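[1] Sequence first, predicted model second:
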Amino acid sequence: MKYIWIILGFLSFGIGAVGVIIPILPTAPFLLLSSFCFAKGSSKFHNWFLTTKLYKKHLHDFVQSKAMTLKTKISLLSFASFMLLVSFFILNNIYGRIFIIIIIIIKYYYFIFKIKTI
């Protein structure tokens, strides 16, 4: 099972690294996922990940102080909102649409009121 966590960690790390170059891909969520996967899979890879420039630039402040830059917040919210809105318009089920609206509201509430902006 630990090999699966390591593979997932590297996949999400790769996607997060591509997200640095391509602004439509969010970087922080994939790097958070990498950190989680590496912590589950291998302390060696987790320690390596904590020393990378990507971690230090995009996640270190959030992990230490539960704060993000406004640019990071906007990029995360815009990508996630876009994906949720696509699902909202494709979905024909009223309960599914209500659920998506609730997720969007909770997401914005959390990012605006619970995560500090640096």
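    Arrived safely.

[2] in the protein, which spans are helices?
    Remark: helices assigned in the chain by DSSP state H are 2-21, 28-41, 43-50, 53-58, 60-65, 70-90, 94-109.

[3] what ranges of the chain fall below the confidence cut-off?
    Along the chain, the parts satisfying pLDDT under 70 run over 23-24.

[4] Geometric centre of this protein: which residue is closest?
    The centre of the chain sits closest to P29, judged by Cα atoms, centre = their mean, with a distance of 1.2 Å.

[5] wouldn't that one be in contact with L76 here?
    Yes. Counting by Cβ atoms under 8 Å, L76 is a contact partner of P29 at 6.5 Å. Backbone N, C-alpha and C define where each C-beta goes, glycine included.

[6] and V18, how many neighbours does it have?
    Residues within reach of V18, counting by other Cβ atoms under 10 Å, total 12.

[7] now swap in I105 and tell me
    Residues near I105, counting by other Cβ under 10 Å, number 10.

[8] Would you mind splitting this protein into its domains for me?
    If you go by automatic domain parsing, the domain ranges for the chain are 1-64, 66-118.

[9] ok, now which ones touch A80?
    Each residue near A80 by Cβ atoms under 8 Å, 6 or more residues apart in numbering is listed here: 26, 29, 107.

[10] how about CSV for those residues, with distance to F62 added?
    Formatted as CSV, the contacts of A80 follow (distance: Cβ to Cβ, whole Å):
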residue, distance to F62
P26, 13
P29, 11
K107, 16
